[in-house]
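**Q** coordinates only, no sequence provided:
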C-alpha cells in the first residue's frame, strides 16, 4: 500500500516508530488544495516505494478522524506535510500548503537512503572497480574497435606454395608498418569529430531557443542509475526521459530497449517552445482557467468558490510595476465609480417607480374606502327605511285595532265581547287582518266551534296572512313552527310520530293557534282533526307528498324574506 491512511494519534505515533523515515500529510476533507494535491502526493509515494534505494513511507491522516488529537502535532493549516526521521524521534521539517516541489527538496535533503548492501552491477561480474578504471576500460574497448583494420580482398596469384611461404614474413612486416599511419588517421578522425562536435555544440548554444532536455531530470535518480546500478549517463538520461515513474520506470524502459541501435547516441537539444523548462511557477484552476501566483490566493479562491480541480502551471504570473499598479488602481477606481453611478441611476428609477406605486396604491385605497363608506351609508339608509316602514305599518295596525274597538263598543252599547276561561282572560286571537266592516274577531268569538274550510289553492294566501304578523316577530315564530311540522312529514313519510300534531301543548297554543291562516294551512296540506274528540291533528293517508314538499319550500322562502 503506497499511501497509509491513519485514523488516531496512536496509529500516527506507531507508524512513525515502525519506520525509519516517514512523511505524514495532515489533511481535511473540506480543503480544496488538499483534494487537488492528493493525486500528486500518492504518485510520489508510489515512486519512492518502487525505488529500492529510498527508505521512506507515506501516510495521511484526516482532521475529522483525528479529532482533538491533532493539537499534539502542532498542525495549524491544511495540508501540512511533516517529515520524520530516526524512527520518528526527529522531526526533520514541515511544509504548510500544497507545495510538493518544496516537499521533494526537503526529502532529498533528509536523505532517506536505504541500506542496499554489497551487490553486483547488472550484466557484470562481482569484481569492484573504481570509476576511473571503468572509464579506462571503456576507452580501451573503443580504441580497439577503432584500430581494427578492415579485411582486404584476396588477390589471385599463380605463385607456388613455396613462394607464398616466403612472402608471408614480408606481409607481416608491411602490416606492422601500416598500423602506425592508421592509428594516426584514427586519432585525426577522433580529433576532427571531437572538434566538429564542439563546433556543433557551440552552434547549438548560440541559438537561445534550443535547450537541453536533461536539465530537469532528477540528480538523485541519475546518481542511483549510474553509480549504484552501473548504467551509462546517456542510458540513464534516456531511461528517465522516457518514463514517468522514476528509477523503476527507467530500469524497465532500459531493459526493453537495451538492444536498440541508437541506445548510446547523444541526446539532441530541443526547442524551448516545444519542450519548456518544466518548472511550475504558478497554480491553475482547471474549472475556470484562472492562474494564481501563490498558494494563499489559490486557497482563497477554493474557499470562496468551492472548486477542487487545481494543477500546477508553468506560466509565470508577472508582477506589476509601480506604473502598472497605479494604472490598475485608477482603472479599478474608474470601474467602481461607473458601477456606483450605474447603481445610483438604477436606484433613482426604482425610487420613481416606488413613488408611482405608492401613489397608485393610495388612490386605490381611497377609492376602496369611499366605496365601502358608500355601501355602509346605503345599508344604513335601507335599515332606517325598513324601520320607518315597519313603524308606519305598526301605527296603521294599531289605528285599525283602535277603530275596531270603537265600532265594537258602539255596536255593544259601549262594551267589548270577551271570553273567560279557566286561565282567566284569554282572547282567541290577535286579529290583525280584518274586513272594513269590522268582522273577524267578533265572529270568531261568537262562534268558537265554527269549522274552518281550508283549500290547497289558498296556501299562498295562508302564508301571507301569517307573514303579516310583525309585532314582536310573532309571524316569524309561527312560520318556523309550521316549517318544522311540514318538513317532518315531507322528508320522513314513513315516520308515524310526525303525522300527529297535539293542539293542547304549549307550542301549538302560543305560536300556531292564535294566528289566522296557520291552522288552515295545516288542514290544506292534508292534516285533519282527530276522531273521538282528541285535541290533535292527524295527517290523512291520502296526503299529497308533492304538495307537502312544495309547501315546505314556500314556507322556507317566506321565513327567509320575513
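**A** Received it, and whenever you're ready, just let me know what you need. As the structure is a computational prediction, the values presented were derived from the model and not from experiment.
**Q** the helices in the stretch 301-450 of the chain, which residues?
**A** Per DSSP state H, counting those that start in this stretch, the stretch 301-450 of the chain carries helices over the ranges 322-411, 441-446.
**Q** out of the ones you listed, which is the most enclosed?
**A** Each of the helices of the stretch 301-450 of the chain was scored by mean neighbour count; the highest is helix 441-446, a mean of 16, by mean count of other Cβ atoms under 10 Å. The way it works is simple: take the backbone N, C-alpha and C, and place the C-beta from them, glycine included.
**Q** contacts for whatever helix or strand comes next after that one?
**A** Remark: after helix 441-446, the chain's next helix or strand is helix 459-467, criterion DSSP states H and E. Helix 459-467 has contacts (Cβ atoms under 8 Å, 6 or more residues apart in numbering) with 433, 454, 475, 478-479, 482, 515-518, 520-521, 524-525, 551, 554-555, 558, 562.
**Q** quick check: next helix or strand after helix 459-467?
**A** helix 474-491.
**Q** quick one: the helices of the stretch 301-450 of the chain as TSV, columns for mean pLDDT too.
**A** Output for the helices of the stretch 301-450 of the chain, formatted as TSV (pLDDT from 0 to 100):
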stretch	mean pLDDT
helix 322-411	91
helix 441-446	40
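**Q** closest one to residue 541 among those helices?
**A** Nearest to residue 541 among the helices of the stretch 301-450 of the chain is helix 441-446; the distance by Cβ to Cβ comes to 30.4 Å.
**Q** residue contacts, residue 92?
**A** Residues in contact with residue 92, defined by Cβ under 8 Å, 6+ apart, are 83, 84, 85, 106, 109, 110.
**Q** repeat for residue 406
**A** Applying Cβ under 8 Å, 6+ apart, no residues qualify as near residue 406.
**Q** wait, doesn't residue 12 sit right on residue 25?
**A** No: contact criterion Cβ atoms under 8 Å: residue 12 and residue 25 do not qualify, at 11.1 Å.
**Q** which residues are in contact with both of these two?
**A** Common neighbours of residue 12 and residue 25, using Cβ under 8 Å, 6+ apart, are 59, 61.
**Q** buried residues in stretch 31-46, which are they?
**A** 31, 32, 33, 34, 35, 36, 37, 38, 41, 43, 44, 45 (16 or more other Cβ atoms under 10 Å).
**Q** low-scoring stretches of the chain, by residue?
**A** 1, 115-132, 134-135, 138-210, 244-245, 270-281, 416-452 (pLDDT under 70).
**Q** if we go to 50?
**A** Within the chain, the segments meeting pLDDT under 50 span 120-126, 145-146, 148, 150-182, 186-208, 273-274, 419-421, 425-449.
**Q** sitting in strands, which of the contacts of residue 92 do you find?
**A** Under the assignment DSSP state E, the contacts of residue 92 contribute 83, 84, 85 to strands.
**Q** let me have those in a markdown table, extended by neighbour count.
**A** Output for the ones in strands among the contacts of residue 92, formatted as a markdown table (neighbours: other Cβ atoms under 10 Å):
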| residue | neighbour count |
| --- | --- |
| 83 | 21 |
| 84 | 25 |
| 85 | 19 |
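**Q** out of those, who's nearest residue 214?
**A** Nearest member of those to residue 214, counting by Cβ to Cβ, is residue 83, at 27.9 Å.
**Q** for that closest one, which residues are in contact?
**A** Contact analysis of residue 83 by Cβ under 8 Å, 6+ apart lists 21, 22, 23, 91, 92, 93, 94, 103, 106, 107, 110.
**Q** pretty sure the fifth one is in a strand, no?
**A** Yes: the assignment for residue 92 is a strand, going by DSSP: H, G, I helix; E, B strand; the rest coil.
**Q** ok, back up a step: which one (most neighbours) among the contacts of residue 83?
**A** Within the contacts of residue 83, residue 23 tops the neighbour count with 26 neighbours, counted by other Cβ atoms under 10 Å.
**Q** assign that residue to helix, strand or coil.
**A** What three-state DSSP gives for residue 23 is strand.
**Q** what's the closest non-adjacent residue to residue 284?
**A** residue 313 (4.0 Å; Cβ to Cβ, 6 or more residues apart in numbering).
**Q** ok, what's across the strand from the one you found?
**A** residue 282 (DSSP bridges).
**Q** burial count for it?
**A** By other Cβ under 10 Å, 16 other residues sit near residue 313.
**Q** and for residue 253?
**A** Applying other Cβ under 10 Å, we find 18 residues neighbouring residue 253.
**Q** re earlier: can you redo the helices of the stretch 301-450 of the chain as a markdown table with distance to residue 76?
**A** Listed next are the helices of the stretch 301-450 of the chain as a markdown table, based on distance: least, Cβ to Cβ, whole Å:
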| stretch | distance to residue 76 |
| --- | --- |
| helix 322-411 | 32 |
| helix 441-446 | 112 |
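**Q** residue 252: which of those is closest?
**A** Nearest to residue 252, of all those, is helix 322-411, at 49.8 Å by Cβ to Cβ.
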